[in-house]
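Engineer: based on what follows, work out the 3D shape:
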Amino acid sequence: MGNLRTISHGSEPFANRIEAGRLLGNEILNLSGEDPVILGIPRGGVVIARELSLLLHAELDIVLSRKLGAPGNPELAIGALNEDGKLFLIQDVISQLGRYEEIKDYVEEQKEKQLKEIRKRVVKYREVRPKVPLNGRTVIITDDGVATGATMQASLWAARRESPAKLIAAIPVATSNAIRRIADISDEAIALKVPPFFYAVGQFYSQFEQTTDDEVIAILRESIKGKEGK
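Structural biologist: Numbering: from 1, shown residues only. A predicted model of the protein is given here:
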């Protein structure tokens, strides 16, 4: 298990993703000397990643993974799919729904659906931002919040396959169960807030509008120009 660092158990909301990213970045400024790569999980996580990259003077990229929602409850994650098409299932959540054989067809259907979405995003985003190699680098993966941890877990596993020197998860707000699972598969996990009562990520933001693909693309373009201007 990697090092787990929780800054607070408070429930006060962030003003927006920009504020959350800046506050989170201030907690990991010590990593700026390691020439890190910041990977944001689209879409909202890319806004957080931009703030981290600006504060740490780091390269910015994305990591593509998709959550698989439970039958009849799409907000409840039963697993996630990464850019390689590898599926990760949360076994304790699956067991609460019954036997896996009973939802196997549903899982396969959702896997194909989410894989198509990932492939669309690969085409859309990679035209703007070619993938940054992660081998031997310090890699920081972020999102705007983590409820079950399924998508973050898939993202961490995907990054680990590229043999980074260090793999870190940095998150503004997370559930206690999720951050512990994340710490199990990362070298370090940092959460600004791990509140006692957690219903949805959006409850911890005063402004939580959906981030669009156009916004993600604009952030990626901006990061490329910033790199070229150095």
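
Engineer: chain center to the helix or strand hosting Lys225, what's the gap?
Structural biologist: Assigned by DSSP states H and E, Lys225 belongs to helix 213-228. Put simply, helix 213-228 sits 18 Å off its chain's centre (Cα atoms, centre = their mean, to the nearest Å).

Engineer: which residues touch Ser53?
Structural biologist: Shown here is Ser53, whose contacts under the criterion Cβ atoms under 8 Å, 6 or more residues apart in numbering are Ile38, Glu59, Leu60, Ser223. Any C-beta I mention is one placed from the backbone N, CA and C, and that applies to glycine too.

Engineer: contact partners of the longest strand belonging to the chain?
Structural biologist: Residue-count comparison of every strand in the chain, with assignments taken from DSSP state E, identifies strand 73-82 as the longest. Applying Cβ under 8 Å, 6+ apart, the external contacts of strand 73-82 come out as 63-70, 87-90, 93-94, 97, 103, 107, 111, 114-115, 118, 147-151, 153-155, 157-158, 200.

Engineer: so the lengthiest helix in the chain versus helix 213-228, what angle?
Structural biologist: For the chain, the helix reaching the highest residue count under DSSP state H is reported as helix 100-126. Angle of helix 100-126 versus helix 213-228, following axes from the mean of the first three to the mean of the last three Cα atoms, to 10 degrees, is 50 degrees.

Engineer: buried set for the helix or strand containing Arg180?
Structural biologist: Assigned by DSSP H and E, Arg180 belongs to helix 176-185. Buried positions in helix 176-185, judged by neighbour count with 16 or more other Cβ atoms under 10 Å: Ala178, Ile179, Arg181, Ile182, Ala183, Ile185.
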